[in-house]
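>>> mind looking at a prediction? Sequence and model below.
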Amino acid sequence: MSEILGIIALTIVAPIWIVSHYLTKWKLSKGLSKDEALMLEDLWKTAQAMENRVKTLEAILDDNVKGWRNNA
């Protein structure tokens, strides 16, 4: 009898418990951590600065080098 209960526990109860345990952990860690959010914000600011630099360089080239866009 105890063998049957052990088999039932291993085949039904244990998988349900494992799945629900990891689903709970997944839901809790769904968002970004504080460090990840700071890193993402820093990357965003860096990308914005690079975009501004490229626009400035393009404006300089437009003024000083005629037809440079056709050569690229």
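Right, received. Where do you want to start?

>>> spell out the residue ranges of the helices in the chain.
Remark: helices assigned in the chain by DSSP state H are 2-8, 14-28, 34-64, 68-71.

>>> any chance of the ones you listed in a markdown table, with mean neighbour count and mean pLDDT too?
Just so you know, the C-beta spots here come from the backbone N, C-alpha and C atoms, and that holds for glycine as well. A markdown table is the format used below for the helices of the chain (neighbours: other C-beta atoms under 10 Å; pLDDT from 0 to 100):
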| stretch | mean neighbour count | mean pLDDT |
| --- | --- | --- |
| helix 2-8 | 9 | 81 |
| helix 14-28 | 10 | 88 |
| helix 34-64 | 10 | 95 |
| helix 68-71 | 8 | 85 |
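
>>> check L10 and give its pLDDT.
Here the pLDDT value assigned to L10 is 81.

>>> pick out the residue closest to the middle of this structure.
L32 (7.9 Å; C-alpha atoms, centre = their mean).

>>> could you pull up the residues touching that one?
Contact analysis of L32 by C-beta atoms under 8 Å, 6 or more residues apart in numbering lists L40.

>>> for it, give me phi and psi.
phi -80, psi 150 (degrees, to the nearest 10).

>>> and it, how far is that from I4?
Here the criterion is C-beta to C-beta, to the nearest Å. By it, L32 lies 47 Å from I4.

>>> before we move on, what about T46?
Going from T46 to I4 by C-beta to C-beta gives 62 Å.

>>> look up how far V19 lies from the residue nearest to the centre of the chain.
25 Å.

>>> then D35?
Computed as C-beta to C-beta, the D35 to V19 distance reads 29 Å.

>>> what's stretch 37-51 in contact with?
Residues outside stretch 37-51 that contact it (C-beta under 8 Å, 6+ apart): L32.
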